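Take a look and give me a structure for this.
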Amino acid sequence: MAKPVQTKTKANDNGTVPYLGQHLRGVDRGRVILPVEWRGESAPKDFKVMVWPVTTRDYLLVLPPARWEMIQRNLEGLSLADEQAAMVERLISSSTSLGSVDRYGRLGLPEEEAKKLGIEKEAMLVGRLNKFEVWSPSRFAEALARPTDQLIADALKSIKL
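The predicted model follows:
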């Protein structure tokens, strides 16, 4: 596996901390130390930790409050009688737990879910701009090997990069 990329980051103009790079970390008693550049003064201390994707369950997706609020806003306007909406709410809610960063910069992971995903002794933290992922290092390496060049090209094209 390639050596993780280390990046130095500063808060964005709006005060949010961008989650960038790949960071291999040890897991100690269900906690993982966040990179120092993800723990600035303006960085959140409380997160929503979701098993993601909800259908294949590959990794933990960690959402800071602002990103979680976007999801809630999208779900708020849905009809209570809409069974598809109820199913989505159930899947998301039942796959989500609370995670907090302690004074040493350690994020608590949902113990059972992390274990099922193979996140036990080491974790690969992967930045995704306004959120981040926590992977088993071996699963992350497998996931990187899976996408085809065409899939990547189509994805980049769809987001106009």
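
Low-confidence stretches in this protein?
Applying pLDDT under 70 to the chain flags residues 1-15, 160-161.

now do 80
Scanning the chain for pLDDT under 80 picks out 1-16, 146-161.

before we move on, what SS does the spatially most distant residue from the centre of the chain have?
If you look at how far each residue of the chain sits from its centre, by Cα atoms, centre = their mean, the farthest one is Ala81, at 30.5 Å. Ala81 falls in the coil class when you classify it by DSSP: H, G, I helix; E, B strand; the rest coil.

wait, doesn't Arg106 sit right on Gly30?
No. Because the distance of 9.3 Å does not satisfy Cβ atoms under 8 Å, Arg106 is recorded as not touching Gly30. Where C-beta positions appear, they are placed from N, C-alpha and C, glycine not excepted.

just to revisit the earlier point, quick one, phi psi at the residue farthest from the centre of the chain?
Backbone geometry at Ala81, expressed as degrees, to the nearest 10, gives phi -90, psi -10.

which SS state does Val51 fall under?
Of the three states, Val51 takes strand according to three-state DSSP.

Identify the residues contacting the closest residue to it other than its chain neighbours.
If you skip the residues right next to it in sequence, Val51 has Ser95 as its closest partner in space, 4.5 Å away by Cβ to Cβ, 6 or more residues apart in numbering. With Cβ atoms under 8 Å, 6 or more residues apart in numbering as the criterion, the residues that contact Ser95 are 50-52, 54, 57.

what about 7 Å?
Shown here is Ser95, whose contacts under the criterion Cβ atoms under 7 Å, 6 or more residues apart in numbering are 50-51, 54.

now swap in Ser136 and tell me
When contacts are counted by Cβ under 7 Å, 6+ apart, Ser136 touches 117-119.

Next, format those residues as CSV and append secondary structure, neighbour count and distance to Pro137.
Rendered in CSV, the data for the contacts of Ser136 read as follows (DSSP: H, G, I helix; E, B strand; the rest coil; neighbours: other Cβ atoms under 10 Å; distance: Cβ to Cβ, whole Å):
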residue, secondary structure, neighbour count, distance to Pro137
Leu117, coil, 21, 11
Gly118, coil, 16, 9
Ile119, coil, 24, 9
